[in-house]
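Colleague: Build me a model:
(one chain, ligands or ions: 1)
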Amino acid sequence: MLSRFQNLVTAKTGIALAAAFGLAVSATSVHADAFADRSAAMKEVGAAMEAMGKMMADPSTFDGETVEAKAGIIATNLTKAKDLFPAGDVPEKSRAKETIWSDNEGFMKIMDGAIAAAKATAEAGGEFDQDGFAASFSSLGKGCKGCHEGYRTPKKQ
Ligand code: HEC
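Modeller: Numbering: from 1, shown residues only. Alright, predicted model coming up:
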């Protein structure tokens, strides 16, 4: 109980400090476990990507509304993920690579590119624009791949 209380106090102090400096404060800006949060966010991103991948594999199943929703989840979660890699946070299960922090500019650039591609994908879905979907979905996929190749360590055995 005591440590729970202390966590709460620390969280509140953090929020108060951030507010004092005029920073934007959201519940996600105080992380008890950034790894668990980013892992959950990325898993949702993976599931959303898989759902859309099926429509790429079989274009007759294209469903603009679902694309809009799934790509929207990806844009939201990747935006959250930007704040979920505190420097040097590599717990045992994590595959975060040191390059995330040694080349944070490159990391954030790929993240922003992927977020933009996710938004474009959502937009194409909303407009039932299947060609637009195919193009932006492909560039989104390149974003995932590019970041995982440069900023994630190989799968642990
Ligand atoms: C800018 C970097 C970046 C982008 C863009 C990115 N990821 Fe990730 N992703 C990571 C990193 C780093 C990890 C490993 C995090 C860790 O283990 O601490 C990860 C982990 C994951 C995981 C494993 C989660 C788990 O813990 O089981 C999945 C699934 C995933 N990403 C899917 C995706 C998909 C799909 C996309 C594209 C739509 C994507 N990611 C875009 C950096 C990125």
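Colleague: got a list of what residue 122 touches?
Modeller: Shown in contact with residue 122 (Cβ atoms under 8 Å, 6 or more residues apart in numbering): 67-69, 71-72, 75. The C-beta positions use only the backbone N, C-alpha and C, and glycine is treated the same way.
Colleague: Apply 7 Å and report the result again.
Modeller: 68, 71-72, 75 (Cβ atoms under 7 Å, 6 or more residues apart in numbering).
Colleague: And residue 130, by the same measure?
Modeller: 59, 62 are the contacts of residue 130 under Cβ under 7 Å, 6+ apart.
Colleague: and if you look at residue 55?
Modeller: 61-63, 67.
Colleague: Show me which residues of this protein sit near the ligand.
Modeller: Within reach of the ligand by Cβ under 6 Å from any ligand atom, the chain has these residues: 35, 38-39, 42-43, 45-46, 49, 74, 78, 94-96, 100, 107, 110-111, 114, 140, 143-144, 147-148, 151-152.
Colleague: tell me which element the residue nearest in space to the middle of the chain falls in.
Modeller: When Cα atoms, centre = their mean is applied to the chain, the residue found nearest the centroid is residue 78 (2.2 Å). Using DSSP states H and E, the element containing residue 78 is helix 64-81.
Colleague: for residue 86, phi and psi?
Modeller: Taking degrees, to the nearest 10, you get phi -60, psi 140 for the backbone angles of residue 86.
Colleague: how's the protein carved up into domains?
Modeller: 1-30, 33-151 (automatic domain parsing).
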